[in-house]
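S.K.: Test case, fold it:
(chains A and B)
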There are 2 protein chains.
Amino acid sequence: MFEKFFSQRIKNTPSSFIREILKVTQKPEIISFAGGLPNPISFPQEELKVSMNRIATKYGDKIYQYSTTMGLDSLREYIVERYKKIWNMNIDIDNVIITTGSQQALDLIGKVFVNEGDKVMVEKPSYLGLLQTFCMYRADFIQTKLNDDGLDIEELKKVLKEQKPKVAYLIPNFQNPTGLTYTKENRKLVFEAIKDEDMILIQDDPYGELRFEEGERIPYIGLNESEKNIYLGSFSKIVTPGMRLGYIIANKEIIKMLETAKQASDLHSNIFGQYLISDYLYNNDLDKHIEKIKKLYKTQAGAMISAMEEYFPKNIKFTHPKGGMFSWVTIPEDKAVLDLFDKAIAKKVAFVPGHPFYVNPKKVNTLRLNYTNADCDTIKEGIKRLAQALDEI
Amino acid sequence: MFEKFFSQRIKNTPSSFIREILKVTQKPEIISFAGGLPNPISFPQEELKVSMNRIATKYGDKIYQYSTTMGLDSLREYIVERYKKIWNMNIDIDNVIITTGSQQALDLIGKVFVNEGDKVMVEKPSYLGLLQTFCMYRADFIQTKLNDDGLDIEELKKVLKEQKPKVAYLIPNFQNPTGLTYTKENRKLVFEAIKDEDMILIQDDPYGELRFEEGERIPYIGLNESEKNIYLGSFSKIVTPGMRLGYIIANKEIIKMLETAKQASDLHSNIFGQYLISDYLYNNDLDKHIEKIKKLYKTQAGAMISAMEEYFPKNIKFTHPKGGMFSWVTIPEDKAVLDLFDKAIAKKVAFVPGHPFYVNPKKVNTLRLNYTNADCDTIKEGIKRLAQALDEI
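M.R.: Just a heads-up that it's a prediction; the model follows:
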């Protein structure tokens, strides 16, 4: 009835495949590896309860009033200090804007940079939330192959030369959906290839803090060497996603434009949540808290990998993530993952078929598994069921 | 340096004039009538503190986890019941989507309906937040004159006939910026004029609950008579704006599209805030709370109107709002309001010049005054200063 009123952009934007799948898989009898939910252990509930009572006393009506678009100064200051400490970044709070989760960061960046038809380079596969949002701004996507060690350098060079993308969007740490991480060497080669291009590089990093296997943090691509770099971060995976708090770090001229886009999008992010998270961060040891999350995710990832090694047919490939929340499974090329999905649902186990992570999915033989939101026994049982489904296709 | 990267939409969108002005007027020595801040008395702080501790105990990790895009069921149910009770609307929760404040509602509606160049009819003057957001989607605005009793019917008919707008955006109750309210008769005439048009009608109503002068609630335009009606509401002016919670009521087909747009915009609104407000609403008497706010605003509005009557030169016109938060002042046509602004700032009193409320402001002789965020003595002193500034132009 309303078809004629709807905009081209919304008609061309698919509803989130995952959010639709989640509706199917929320039945209690189904073991779901489909979502991307952090384990509730990552929410410091007792400490947050202390903080909420403290801010209610300390700041009074300020925690309920309208506030600034850029975000709470103390929270931005915390981010500045953390990035200075870890990455030696030369930034101040005017390089930081608070967003309503990382998803809004993507929306604001789309608003500020993407004209209809602008070329945007993403990994193959890439994060579906970015694809959905930039689709809304009618981006022309180019997907560059992601290997076990990072971006495929030959393909990258070809894309840069032939397509001249205006924006690139990468997730270098424990990528969603693959769980892969770019090596230090790969990052150097990527930066070598892009540094003289007229291209904005967005590095989205919601999982970077969650390295549970040995190894050091690997610096961002072109860290402290490019004004065209934009960094995204989030409190969703290390404190709470329900509060919807993320942030963007960028050159001040870019932040200024993002601020205008944010004024028009929601005026400002929930200020109560900003006071709450800020108070929590200044009064607790975040790194100690993160250690607890990592220990748990290491166990859960281990349970899933072991079970896959034990039960999956030998022709099934899967990634071995060193951090983050996902493993990426590849079934034989002549099999269709949607057939597997039907068999799996019949056996009461769910996952996300690879489709929404590709720009033009056709024959898809990949799928994403999440291991952070089930206990080890459940993970083992779910993988057993999935192995049975694999036998049937 | 980044000019070449920025999108056309952001280059064409002005930074919010008000938010820029607020930066100037936040000095403590300035009496500011510029903002649109609710009085903190409208935040039920003690009750919210009780609610936050209750939800932390009752719902545990749910208040911190990812949640659904449509919003918390109990909050949507509350809205359904309230609109059924007050307006006899035949709706259920699938007609309601929670938004990150009303500003996001405007952004989502822009995303879903506005193609570049689509004609959008707004009042003259109109809410600047809408103008900024729809500007982002490259709307072609038509402004229709707003009179003391509502929309100018002759002009409306002409616009409908000659311009065929796809979307109309109106604020029928205690409008921002004018404080004006459409009479019952005017609403009937407006609906008579538009009901057979192919046009979506958005009625934004953040202030409708705040009628502090005698008189009844006046039904929306075409209430329960048009599927093309979209209603916007907000908890910002009656509970807390800092939580950023608003909502859209519309036909389910429209809500479905808004849901997709919201997935791409921020996944979902802060779920802690939704639990908090929902708990507050079910455990307290909202209407009793609203009575308190109205009593205060009546006093504050009265203080401003009396002071303007006493101190302003007789050739200055101003509206007498029966509710809401603003009065709209018109100075003689041969005077420029920006000259007045400079004189006023010199005298340490601030307001919002009329410019951002017009689509193509040229010679502007209007201004907006807010009375909800200062006590009566301060209001009186501020109006005195403004009267002196008026004498100097």
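
S.K.: Show me where the stretch 1-150 of chain A has its strands.
M.R.: Remark: strands assigned in the stretch 1-150 of chain A by DSSP state E, counting those that start in this stretch are A:31-32, A:96-99, A:119-124, A:140-147, A:150-151.

S.K.: Can you say which of those strands is nearest to chain B?
M.R.: Set against chain B and scored by C-beta to the nearest C-beta, the strands of the stretch 1-150 of chain A come closest in strand A:96-99, at 8.2 Å. The C-beta positions use only the backbone N, C-alpha and C, and glycine is treated the same way.

S.K.: what mean pLDDT does the closest one have?
M.R.: In this model, strand A:96-99 has a mean pLDDT of 98.

S.K.: so which of the strands of the stretch 1-150 of chain A gets nearest A:T178?
M.R.: With C-beta to C-beta as the measure, strand A:140-147 is the member of those nearest A:T178 (6.3 Å).

S.K.: just how off-centre is that closest one within its chain?
M.R.: Put simply, strand A:140-147 sits 16 Å off its chain's centre (C-alpha atoms, centre = their mean, to the nearest Å).

S.K.: re earlier: okay, the strands of the stretch 1-150 of chain A in TSV with mean neighbour count and distance to B:R244 next?
M.R.: Below are those laid out as TSV (neighbours: other C-beta atoms under 10 Å in any protein chain shown; distance: least, C-beta to C-beta, whole Å):
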stretch	mean neighbour count	distance to B:R244
strand A:31-32	22	30
strand A:96-99	26	12
strand A:119-124	23	29
strand A:140-147	18	31
strand A:150-151	26	37
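
S.K.: A:K363: what secondary structure?
M.R.: Using DSSP: H, G, I helix; E, B strand; the rest coil, the structure places A:K363 in coil.

S.K.: Pairing partners for the closest residue to A:E123 other than its chain neighbours in the sheet, please.
M.R.: Ranked by C-beta to C-beta, 6 or more residues apart in numbering or on different chains and with sequence neighbours excluded, the top spatial neighbour of A:E123 is A:L146, at 4.4 Å. On the basis of DSSP bridges, A:L146 is bridged to A:L151.

S.K.: check contacts around A:L146.
M.R.: A:E123, A:K124, A:P125, A:D152, A:Q175, A:T178, A:L180 (C-beta atoms under 8 Å, 6 or more residues apart in numbering or on different chains).

S.K.: nearest to A:I10, of those?
M.R.: Nearest member of the contacts of A:L146 to A:I10, counting by C-beta to C-beta, is A:P125, at 23.9 Å.

S.K.: Quick check: A:P38 vs A:P44, distance?
M.R.: Distance, A:P38 to A:P44, by C-beta to C-beta, to the nearest Å: 12 Å.

S.K.: okay, those two: which has more neighbours?
M.R.: A:P38 (27 against 20; other C-beta atoms under 10 Å in any protein chain shown).

S.K.: wait, doesn't the more buried one sit right on A:K237?
M.R.: Yes. Between A:P38 and A:K237 there is a contact at 5.3 Å, judged by C-beta atoms under 8 Å.

S.K.: what touches both of those two?
M.R.: Counting by C-beta under 8 Å, 6+ apart, the residues touching both A:P38 and A:K237 are A:I293, A:M325.

S.K.: so where do the helices sit in chain A?
M.R.: For chain A, helices defined by DSSP state H occupy the ranges A:8-11, A:17-25, A:45-59, A:73-87, A:101-113, A:128-136, A:153-163, A:184-194, A:252-266, A:271-283, A:286-311, A:337-346, A:376-392.

S.K.: tilt between the last one and helix A:337-346?
M.R.: Angle between the axes of helix A:376-392 and helix A:337-346 is 130 degrees (criterion: axes from the mean of the first three to the mean of the last three C-alpha atoms, to 10 degrees).

S.K.: can you check the second one too?
M.R.: Our comparison of helix A:17-25 with helix A:337-346, counting by the same axes, to 10 degrees, yields an angle of 30 degrees.

S.K.: circling back: relative to A:K343, which of the strands of the stretch 1-150 of chain A is closest?
M.R.: Comparing the strands of the stretch 1-150 of chain A by C-beta to C-beta, strand A:31-32 comes nearest, at 14.1 Å.

S.K.: other SSEs contacting the closest one?
M.R.: strand A:349-350, helix A:376-392 (3 or more C-beta pairs under 8 Å, 6 or more residues apart in numbering or on different chains; DSSP states H and E).

S.K.: from memory A:T68 sits against A:H268, does it?
M.R.: Yes. Counting by C-beta under 8 Å, A:H268 is a contact partner of A:T68 at 6.1 Å.

S.K.: Of those two, which one has the most company?
M.R.: A:H268 (26 against 17).

S.K.: residues contacting the more buried one?
M.R.: Taking C-beta under 8 Å, 6+ apart as the test, what A:H268 contacts is A:Y66, A:S67, A:T68, A:T69, A:M70, A:G71, A:I98, A:K262, B:R244.

S.K.: would you list the residues you listed in TSV and tack on distance to A:R82?
M.R.: What follows is these, written out as TSV (distance: C-beta to C-beta, whole Å):
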residue	distance to A:R82
A:Y66	27
A:S67	22
A:T68	21
A:T69	22
A:M70	18
A:G71	15
A:I98	14
A:K262	22
B:R244	25
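
S.K.: Just give me the closest of those residues to A:M325.
M.R.: Taking C-beta to C-beta as the measure, A:M325 lies nearest A:I98 of these, at 23.1 Å.

S.K.: and the closest residue in space to that closest one that isn't next to it in sequence, how far is that from A:I277?
M.R.: With sequence-adjacent residues excluded and distances taken as C-beta to C-beta, 6+ apart, A:I98 is closest to A:G71, at 2.7 Å. Separation of A:G71 from A:I277 (C-beta to C-beta) stands at 11 Å.

S.K.: how about the residues of the stretch 151-300 of chain A near chain B?
M.R.: Residues of the stretch 151-300 of chain A lying close to chain B by C-beta under 8 Å from any C-beta of the partner chain are A:166-167, A:198, A:200, A:227, A:236, A:240-244, A:251, A:253-254, A:256-257, A:259-261, A:263-273, A:276.

S.K.: Buried by neighbour count, from these: which ones?
M.R.: Buried subset of these (neighbour count, 16 or more other C-beta atoms under 10 Å in any protein chain shown): A:166-167, A:200, A:236, A:240-244, A:251, A:254, A:256-257, A:259-261, A:263-273, A:276.

S.K.: for the residue nearest in space to the middle of chain A, what are its contacts?
M.R.: For chain A, the residue nearest the mean C-alpha position is A:P206 (5.1 Å; C-alpha atoms, centre = their mean). Going by C-beta under 8 Å, 6+ apart, A:P206 touches A:S102, A:I171, A:N176, A:L232, A:G233, A:S234, A:S236, A:K237, A:G246.

S.K.: what about the stretch 151-300 of chain A, any weak spots by pLDDT?
M.R.: The stretch 151-300 of chain A contains no residues with pLDDT under 70.

S.K.: If we use 90, what do you get?
M.R.: For the stretch 151-300 of chain A, the stretches with pLDDT under 90 are A:214-215.

S.K.: Let me see the domain layout of chain A.
M.R.: Here the domain parsing of chain A from automatic domain parsing is A:3-43+A:288-392, A:66-283.

S.K.: quick one: terminal-to-terminal distance for the last one?
M.R.: The one in question is domain A:66-283. Start-to-end span of domain A:66-283 (C-alpha to C-alpha, to the nearest Å) is 25 Å.

S.K.: for the first one, same thing?
M.R.: End-to-end distance for domain A:3-43+A:288-392: 41 Å, by C-alpha to C-alpha.
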